[in-house]
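> Give me coordinates for this.
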Amino acid sequence: MPIRQLTYPMRFSPRGLVDALDSTDLFMGACIDLQNLIFDQMNPEIMVSRPGLGSAVTTFTGFSTPAVISVFTVIGQRAYGMMASALNPGTDQPFSYDIVNDAFDTITGITAANSPATPSSSGSWEPPTMAVVGSSIYVTHPGFSGANRFGLIDITTVASPTWTATDTTTNGLTARPRAVANFNNRAYFAVGAALEYTDVLSLTRTSSTQALTMGGPDNLTGLSGLPIQTTSSGIVQALIAFKDFEVWQVTGDPTTSNLLQNYLSLSIGCSSPRSIASGPLGVYFASRYGPYIVDPLGLVKPVTYSNREESPDIQAPFQNMVEPTRVAGAYLNTIYRVCMETTIRGETFFGDYWFDERKRRWHGPHTFRYDCAGRYANYFLLCSNTYPARLMRSDTIPRSGNVYSDLSSALTVSLYSATFPKTGHMTMKQVVESTQELSSAGAVTAYAITAVNDGEDTLDSVSVTAESSGAAWGSFVWGDGTVYTSSTNRPRVYTVPWTKPLVFKKMALQITAPSNAALSIGTFNARFQDLGYTNVSP
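Numbers count the residues shown, from 1 in each chain. A predicted model of the protein is given here:
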């Protein structure tokens, strides 16, 4: 029987991830957990399962005891990288993988003398980097020593690459570089606090003065290109150079006598080179203060919902990174994702956080750990130290044929809202009736729904089973009585069968379920009554 006393509507639609435990001063629909849930592309109030990772794209069959991949990059239809193997024990060997044809190109010239020592797969480290300049892929790696400053994969003949370890000619680099990037067809190397660069499309450094010192003595940590907008010259190119607590910009070229360097920030920087990812809106990176972006105007600013806001929705995962140099990120199709080991509310874990540029909100943390990420076509390529010698495909939106497990490990989705509503009535509240939008197409899905108060005490916990309303066309025998349903995942409204009244000052909603293609979680609606007392002693 419906309640007859004066009631007030209460609504919650999941909108994005936040740090805060209470949503009142943030936005309606704020959640503290959206694990393995992503935004539905058509319905703004719906969350659906993140596509899982099926079998690996490749497992490096034919390699001698393939192990951890320390770095890779995608150029055209090939993934190039460095991987530990038994070819020359204790060292990394280069590889070239043709993604389209699922085949490896044989790289010649690999020897024990020109192969870098395999780095540790845990703890603080200096991540290797790769950059293509002309027909050569430059590789910086912490395992090089002596005269071998960096590696070189010659892809003049794409199907028959060659490998060597070398240094710049005429004038060598002053030390082993930490990073390399292509800028105006020159190789720019991060050597200590300086950028040392080659001639155009050449290994030669004609002059030892081909260098820019970026501020003080602190080491440069990473490099990235960025198109920048000017009022007089239109769009020009820039090279962004990062330190732990600084960001610098390089523009121009020696041949045009306009090579310039400018600082963009002397307080915000990046200690996580692998978190640096370039997209149309700028260069994203993880700082020790939160997620930041260098925009095309050269502004270093936090990643926020709008330009009117100053604080990101999430900062705590970045501020509590366990090992910043191990953080990995990438950008694809309006999604910036970044994976890190972090500590939140006393729990240490690996979390994969996604920022959706369309919604301007975050979701996650997703549960698959990766240590290097790239992009090919319309999906991410990932490698993980937990699953060595594998390149894995990760989709950003559900597609036909997706699986909803990670390498055969079952996934669970979890939605946990921030508390709501904080009203001016000041009285305790009571809810008897409520509804929840859940999916009703495809597989039968059982959802566990729990209401908790602001002290995280369970108010009630129930289960709602979303039944399939029929079968998709072509999956049943005509005339057998089966009801036809669209394969489109359409949520419907279910009554939440609470076993007792929910009494609270503020409440939060938690919904968990096994991940699958049919799953969707939408709006929670309820009506609450004001009770005749102000508070209950904790």
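
> List the buried residues in the helix or strand of the chain with the lowest mean pLDDT.
Ranked by mean pLDDT, DSSP states H and E, the weakest helix or strand in the chain is strand 220-229, scoring a mean of 82. Within strand 220-229, the residues that qualify as buried are 220-226, 228, counting by 16 or more other C-beta atoms under 10 Å. Backbone N, C-alpha and C define where each C-beta goes, glycine included.

> list the helices and strands it packs on?
Judged by 3 or more C-beta pairs under 8 Å, 6 or more residues apart in numbering; DSSP states H and E, strand 220-229 is in contact with strand 179-183, strand 186-191, strand 194-197, strand 235-243, strand 246-251, strand 277-279, strand 282-287.

> And the helices in this structure?
316-319 (DSSP state H).

> what's near enough to touch the residue most central in space within it?
By C-alpha atoms, centre = their mean, the chain has its centre lying nearest to Arg337, at 1.5 Å. Neighbour list for Arg337: 329-331, 352-355, 373, 380 [criterion: C-beta atoms under 8 Å, 6 or more residues apart in numbering].

> Going by distance to Thr111, which of those wins?
Comparing the contacts of Arg337 against Thr111 with C-beta to C-beta places Ala373 closest, at 30.0 Å.

> didn't that closest one look like it was pressed against Ala330?
Yes. Under the criterion of C-beta atoms under 8 Å, Ala373 makes contact with Ala330 at 3.6 Å.

> Need the residues touching each of those two.
With C-beta under 8 Å, 6+ apart as the test, Ala373 and Ala330 both reach 337, 380.

> Which residue is the nearest non-sequential neighbour of Thr386?
Spatially, and ignoring its direct neighbours in sequence, Thr386 is nearest to Arg369 (5.6 Å; C-beta to C-beta, 6 or more residues apart in numbering).

> ditto for Gly222
Gly222 sits nearest to Pro273 (C-beta to C-beta, 6+ apart), 3.6 Å away.

> can you pull the pLDDT of that neighbour?
Here, the pLDDT recorded for Pro273 equals 98.

> re the thing from before, report the two of the buried residues of strand 220-229 separated the most.
The widest separation within the buried residues of strand 220-229 (C-beta to C-beta) is 20.8 Å, between Thr221 and Ile228.

> pretty sure Thr512 is touching Thr412, no?
Yes. Under the criterion of C-beta under 8 Å, Thr512 makes contact with Thr412 at 6.0 Å.

> the more surrounded of these two?
Remark: of Thr512 and Thr412, Thr512 carries more neighbours, 17 against 13, as counted by other C-beta atoms under 10 Å.

> Neighbours of the nearest residue to Ile397 once chain neighbours are set aside, how many?
Leaving aside its sequence neighbours, Ile397 sits nearest to Gln41 (C-beta to C-beta, 6+ apart; 5.7 Å). Neighbour count of Gln41, defined by other C-beta under 10 Å: 13.

> In this structure Gln41 contacts Thr396, no?
No. Counting by C-beta under 8 Å, Gln41 does not reach Thr396; the two are 9.7 Å apart.

> Now the residue nearest to Ile397. Its backbone dihedrals?
When quoted as degrees, to the nearest 10, the phi and psi of Gln41 stand at phi -70, psi -20.

> can you count the residues close to Thr166?
For Thr166, using other C-beta under 10 Å, the count is 16.

> no no, Ala113
10.

> One more: Arg399?
There are 11 residues near Arg399, going by other C-beta under 10 Å.

> any idea how far the closest residue to Asp530 other than its chain neighbours is from Ala508?
Distance criterion C-beta to C-beta, 6+ apart; nearest residue to Asp530, sequence neighbours excluded, is Thr427 at 4.4 Å. Remark: distance between Thr427 and Ala508 (C-beta to C-beta, to the nearest Å) = 19 Å.

> ok, now Gly222?
Taking C-beta to C-beta, one finds Gly222 at 38 Å from Ala508.

> do the same with Ile335
Ile335 is 27 Å from Ala508, by C-beta to C-beta.

> More neighbours: these two, which one.
Using other C-beta under 10 Å, the more surrounded residue of Ile335 and Ala508 is Ala508, with 23 against 19.

> Let me see the contact set for Gln510.
Gln510 neighbours (C-beta under 8 Å, 6+ apart): 414-417, 449-452.

> Who is it paired with across the strands?
Tyr416, Thr450 (DSSP bridges).

> roughly how far apart are it and Asp352?
Counting by C-beta to C-beta, the gap from Gln510 to Asp352 is 20 Å.

> Next up, the contacts around the residue nearest to Asp530.
So Thr427 contacts 530-534 (C-beta under 8 Å, 6+ apart).

> let's go with 7 Å and repeat that
Contact partners of Thr427, counting by C-beta atoms under 7 Å, 6 or more residues apart in numbering, are 530-531, 533-534.

> need those in a markdown table with neighbour count, can you?
As requested, the contacts of Thr427 are exported to a markdown table (neighbours: other C-beta atoms under 10 Å):
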| residue | neighbour count |
| --- | --- |
| Asp530 | 16 |
| Leu531 | 17 |
| Tyr533 | 8 |
| Thr534 | 10 |
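
> Tell me the one of those nearest Ser145?
Scanning those for proximity to Ser145, where the rule is C-beta to C-beta, the winner is Thr534, at 70.6 Å.

> you'd agree that closest one is up against Lys429?
No. At 11.3 Å, Thr534 does not count as touching Lys429 under the criterion of C-beta atoms under 7 Å.

> Tell me how far Thr523 lies from Asn43.
10 Å.

> same question, Ala181
On the measure of C-beta to C-beta, Ala181 and Asn43 end up 40 Å apart.

> Thr499 too?
30 Å.

> and Pro324, what does it touch?
Applying C-beta under 7 Å, 6+ apart, the residues near Pro324 are 271-272, 288.

> Find the residue ranges of the stretch 301-450 of the chain scoring beneath the pLDDT cut-off.
Applying pLDDT under 70 to the stretch 301-450 of the chain picks out residues 440-443.

> ranges for the strands of it?
328-332, 335-344, 347-356, 361-366, 372-376, 379-384, 387-394, 405-406, 409-410, 412-417, 429-439, 445-453 (DSSP state E, counting those that start in this stretch).

> what's the angle between the third one and strand 379-384?
Strand 347-356 and strand 379-384 meet at an angle of 160 degrees, taking axes from the mean of the first three to the mean of the last three C-alpha atoms, to 10 degrees as the criterion.

> in its sheet, what does strand 347-356 sit against?
By DSSP bridges, strand 347-356 pairs with strand 335-344 (antiparallel), strand 361-366 (antiparallel).

> most neighbours per residue, which of those strands?
strand 361-366 (a mean of 24; mean count of other C-beta atoms under 10 Å).

> That one vs strand 387-394, what angle?
150 degrees.

> CA atoms only for strand 361-366, dumped as CSV, please.
C-alpha atoms of strand 361-366 as CSV (Å, rounded to 0.1, in the frame of the first residue of the first chain):
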residue,chain,number,x,y,z
ARG,A,361,33.1,13.0,-16.4
TRP,A,362,35.2,10.1,-15.1
HIS,A,363,34.3,6.4,-14.5
GLY,A,364,36.1,3.5,-12.9
PRO,A,365,38.2,2.4,-11.3
HIS,A,366,38.2,-0.5,-13.8
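
> Identify the residues contacting it?
With C-beta under 7 Å, 6+ apart, strand 361-366 has contacts from 15-17, 34-39, 50, 305, 313-314, 351-355.

> now stretch 367-387
So stretch 367-387 is in contact with 35-36, 53, 57, 68-69, 71-74, 79, 99, 121, 274, 326, 328-330, 332-333, 339, 350, 352, 390-395, 406-407, 411, going by C-beta under 7 Å, 6+ apart.

> Now do the buried residues in it.
Under 16+ other C-beta under 10 Å, the buried positions of stretch 367-387 are 367-376, 379-385, 387.

> again with stretch 207-217
In stretch 207-217, counting by 16+ other C-beta under 10 Å, buried: 210-212, 214.
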